[in-house]
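# this one's sequence-less:
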């Protein structure tokens, strides 16, 4: 086969591995051409999408070799998407996009996020307690920003009253060392805020917008640093 044939074969296999393997990244570096006109892949890097693990039971053996810190391991065991950062404002949000936006807005108002934590579509007591427990075990956290948006349709996947009850029940299960600031919006948000209202205090606060909540969380973190 010619070098072109070899390159085509490798590229086809590369694409198949990416798609069929549910990968985030499949990279060959370096890819070399020998004096004999042969193409060889000398090294490769593969990053697998953990959310697709249910389709690939064999991925578990690779997961066991990952070097995660204790909080990342605990979050993974609870089914939470967590990445530790180096700041003092703990972040909990439902959905990766909202979690990233929350990290961004904390930075925007002069704070430093302690983590990225996506609880997914649910915000019941068990999920919320697990998320709070993971963040509470970070000694650098000085405040916690819970940012939940339940969509705008009647059948939104995360409903405000369920979120509110989940937070209240979670706080009965887990003792939290840092003040919490909540922003709750979307489906049944008014009902959720009404449920939370009697429980608000100096350590459990609620703000109407994401920006307001970020500012309060950052101010609390700085005051306690």
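Alright, I've got the coordinates. Remember, predicted model here, so these are calculated numbers, not experimental data. Numbers count the residues shown, from 1 in each chain.
# how about residue 106, what does it touch?
For residue 106, the contact set (Cβ atoms under 8 Å, 6 or more residues apart in numbering) comprises 87, 89, 91, 112, 113, 145, 214, 217, 218. (Each C-beta comes from the backbone N, C-alpha and C, glycine too.)
# so can I have a markdown table of these showing secondary structure, neighbour count and pLDDT?
Shown next, in a markdown table, are the contacts of residue 106 (DSSP: H, G, I helix; E, B strand; the rest coil; neighbours: other Cβ atoms under 10 Å; pLDDT from 0 to 100):
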| residue | secondary structure | neighbour count | pLDDT |
| --- | --- | --- | --- |
| 87 | coil | 21 | 95 |
| 89 | strand | 30 | 98 |
| 91 | strand | 30 | 97 |
| 112 | coil | 16 | 97 |
| 113 | strand | 27 | 97 |
| 145 | strand | 30 | 98 |
| 214 | helix | 29 | 98 |
| 217 | helix | 34 | 98 |
| 218 | helix | 26 | 98 |
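# Now tabulate those residues in TSV and tack on distance to residue 72.
Output for the contacts of residue 106, formatted as TSV (distance: Cβ to Cβ, whole Å):
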residue	distance to residue 72
87	16
89	18
91	14
112	18
113	15
145	19
214	24
217	22
218	24
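# so which of those residues would you say is closest to residue 27?
residue 113 (28.2 Å; Cβ to Cβ).
# Kindly state the beta-bridge partners for the closest one.
On the basis of DSSP bridges, residue 113 is bridged to residue 89.
# From residue 216, how far out is it?
15 Å (Cβ to Cβ, to the nearest Å).
# Phi, psi for the residue in the chain sticking out farthest from the centre please.
Within the chain, the residue lying farthest from the chain centre (Cα atoms, centre = their mean) is residue 36, at 48.3 Å. As for residue 36, its main-chain torsions (degrees, to the nearest 10) stand at phi -80, psi 10.
# Could you check how far it is from residue 29?
21 Å.
# cool, residue 113 as well?
For residue 113 relative to residue 29 (Cβ to Cβ), the value is 31 Å.
# residues making contact with the helix of greatest length in the chain?
When the chain is parsed with DSSP state H, its longest helix is helix 3-20. Contacts of helix 3-20 with the rest of the structure, by Cβ under 8 Å, 6+ apart, involve 1, 23, 26, 28, 31, 33, 37, 38, 39, 41, 46.
# And that helix, what's buried?
Neighbour counts over helix 3-20 (16 or more other Cβ atoms under 10 Å) mark 6, 14 as buried.
# and that helix, how far from the chain's centre?
Its chain's average C-alpha position is 32 Å from that of helix 3-20, according to Cα atoms, centre = their mean, to the nearest Å.
# ok, now stretch 192-201?
Relative to its chain's centre, stretch 192-201 lies at 25 Å (Cα atoms, centre = their mean).
# first to last residue in it, what's the distance?
End-to-end span of stretch 192-201 (Cα to Cα, to the nearest Å): 16 Å.
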